[in-house]
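J.: Need a 3D model of the following:
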Amino acid sequence: MKSKVINFRLTKELNDVLISKSSEANMTTSDFLRSAIIDARIQLNRDKDIAKKISAINQIGNNINQMARTLNIANVGKFLSDINYENILNELIIIEERLSQELTK
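T.: Below you'll find the model as predicted:
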């Protein structure tokens, strides 16, 4: 049983689209809107989730930079063998590349 009335405003252009589409579907505007509500595929706003992910990615990037700086200091001070330096540097590069791939998705 329909018991709730909802009023809202549309621009003339959007109203014309509503009338046109409901007419094409052989439906009243009310029936068309009810159907649209039930069948609509709406992409939810995930701004908060995205902001959290960006923050986490920025922190990861900062950590990588700190690790690279420490690695370079250790290398200059000869605290690491050349092989260990290259291995760790390659791992940091792989992490950076994976992070870049995630950012482009």
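J.: Show me this protein divided up by domain.
T.: 9-42, 47-103 (automatic domain parsing).
J.: For residue 2, find the nearest of these.
T.: Distance to residue 2, taken as C-beta to C-beta, is lowest for domain 9-42 among these, at 8.8 Å. (C-beta placed from N, C-alpha, C; glycine too.)
J.: sorry, back to before: generate TSV for the domains of the chain, with mean pLDDT and distance to residue 1 as supplementary columns.
T.: Listed next are these as TSV, based on pLDDT from 0 to 100; distance: least, C-beta to C-beta, whole Å:
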stretch	mean pLDDT	distance to residue 1
domain 9-42	92	13
domain 47-103	85	37
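J.: Can you lay out those domains as CSV showing distance to residue 2?
T.: Shown next, in CSV, are those (distance: least, C-beta to C-beta, whole Å):
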stretch, distance to residue 2
domain 9-42, 9
domain 47-103, 34
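J.: What is the longest helix belonging to the chain packed up against?
T.: In the chain, with assignment by DSSP state H, the single longest helix is helix 47-76. Packing partners of helix 47-76 (3 or more C-beta pairs under 8 Å, 6 or more residues apart in numbering; DSSP states H and E): helix 82-103.
J.: picking that back up, can you lay out the domains of the chain as CSV showing mean neighbour count?
T.: Shown next, in CSV, are the domains of the chain (neighbours: other C-beta atoms under 10 Å):
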stretch, mean neighbour count
domain 9-42, 11
domain 47-103, 12
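J.: and the residue nearest to residue 28 when sequence neighbours are not counted, what does it touch?
T.: Sequence neighbours aside, residue 22 is the residue nearest to residue 28 in space, at 6.5 Å (criterion: C-beta to C-beta, 6 or more residues apart in numbering). By C-beta atoms under 8 Å, 6 or more residues apart in numbering, the contact set of residue 22 is 28-29, 31-33.
J.: Also residue 57?
T.: 99, 102-103.
J.: I'd like these laid out as TSV, including distance to residue 65.
T.: Listed next are the contacts of residue 57 as TSV, based on distance: C-beta to C-beta, whole Å:
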residue	distance to residue 65
99	12
102	17
103	16
